[in-house]
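Q: Fold the stuff below for me.
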Amino acid sequence: MKLNAFTWIIVTLAVTAWVFILPLQAVATILVLQLVLLLYIKRSKTMLAAIGGLGVFTGMMVLLQLLFGSPLNVSLFGGLRMLVMTLAFLCMLATTRIQSIAKALVDRFHLPVEYAFMLTAALRFVPNFLEDSSITLDAQSCRGYSNRGNALKRLLSYVVVIRPLVMRAVAKSETLALSMELRGFGANTYKNMPKEPLTMVDFIVLVIVVVLSTYPFWKKFLLA
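A: Residues are numbered from 1 along each chain as shown. Coordinates of the predicted model:
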């Protein structure tokens, strides 16, 4: 059964806290559950590319920590934390509509409409940017673009990809601003959307979130 957008926001925020209060085994279990959920929801090239890109970025962060003298276990645990937090947002985006997230932020968290739209627009930018980068790479490949060679040549060759991506992003932002103005964007933007009440599954998930979030407190109580 599909979870409410409010529940997903709470779970996402809770995961960012769990990675700091739960033991390593629990954080690794959360990572496995996130990967299973993402592959179950949408097993596509875009999703695999997003997961792979996050994995590569995590590896680079671990290497940087090692270069600056951090112990191996601290570097690996730090990379694991960052990966789990990032995948939590990816899970929310893959399972929940952007409009539902914005409405939950306005109705239940009482966030101003402008700030809710800014946040959801930033979240929407990630999948759109991945899609645009794939289209741009295909277009440049048809024109003879090649990223073969050493790391420096590959980095320099990406200049021909970055420029059209930036131009495309600017054009989309202008179109978005014009659309918002024509549709009368304002305080009543999300009031006409149908309400999504919490179900029994949402309450069960929220109870689990509370139990895991209070882990340090009841752990001390049980060990006392």
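
Q: from here on, contacts and neighbour counts on C-alpha atoms
A: OK.

Q: Check which residues of stretch 106-123 are buried.
A: Val106, Val113, Ala116, Phe117, Leu119, Thr120, Ala121 (16 or more other C-alpha atoms under 10 Å).

Q: Using CSV, write out every CA atom in it.
A: Taking C-alpha atoms only, stretch 106-123 is exported to CSV below (Å, rounded to 0.1, in the frame of the first residue of the first chain):
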residue,chain,number,x,y,z
VAL,A,106,2.2,23.4,3.4
ASP,A,107,-0.7,21.7,5.1
ARG,A,108,0.9,19.6,7.8
PHE,A,109,4.3,21.3,8.4
HIS,A,110,2.8,24.8,7.8
LEU,A,111,5.7,25.8,5.5
PRO,A,112,5.0,28.9,3.4
VAL,A,113,4.0,28.1,-0.2
GLU,A,114,7.0,29.8,-1.7
TYR,A,115,9.5,27.8,0.4
ALA,A,116,7.7,24.6,-0.2
PHE,A,117,7.8,25.2,-4.0
MET,A,118,11.5,26.1,-3.8
LEU,A,119,12.2,22.8,-2.0
THR,A,120,10.2,20.7,-4.4
ALA,A,121,11.6,22.4,-7.4
ALA,A,122,15.1,21.6,-6.2
LEU,A,123,14.1,18.0,-5.7
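
Q: Pull up the per-residue confidence for Asn192.
A: You'll see Asn192 listed with a pLDDT of 63.

Q: re the thing from before, what about the buried residues of stretch 106-123, which are in helices?
A: Residues of the buried residues of stretch 106-123 located in helices (DSSP state H): Val106, Val113, Ala116, Phe117, Leu119, Thr120, Ala121.

Q: Any chance of those residues in a markdown table with pLDDT as columns?
A: Output for these, formatted as a markdown table (pLDDT from 0 to 100):
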| residue | pLDDT |
| --- | --- |
| Val106 | 82 |
| Val113 | 78 |
| Ala116 | 78 |
| Phe117 | 77 |
| Leu119 | 79 |
| Thr120 | 76 |
| Ala121 | 76 |
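
Q: out of the residues you listed, which one sits closest to Val166?
A: For those, the minimum distance to Val166 (C-alpha to C-alpha) is 16.4 Å, reached by Ala121.

Q: quick revisit: Serialize the buried residues of stretch 106-123 to a markdown table and add fields for distance to Lys42.
A: Compiled in a markdown table, the buried residues of stretch 106-123 are given as follows (distance: C-alpha to C-alpha, whole Å):
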| residue | distance to Lys42 |
| --- | --- |
| Val106 | 28 |
| Val113 | 30 |
| Ala116 | 26 |
| Phe117 | 25 |
| Leu119 | 23 |
| Thr120 | 21 |
| Ala121 | 22 |
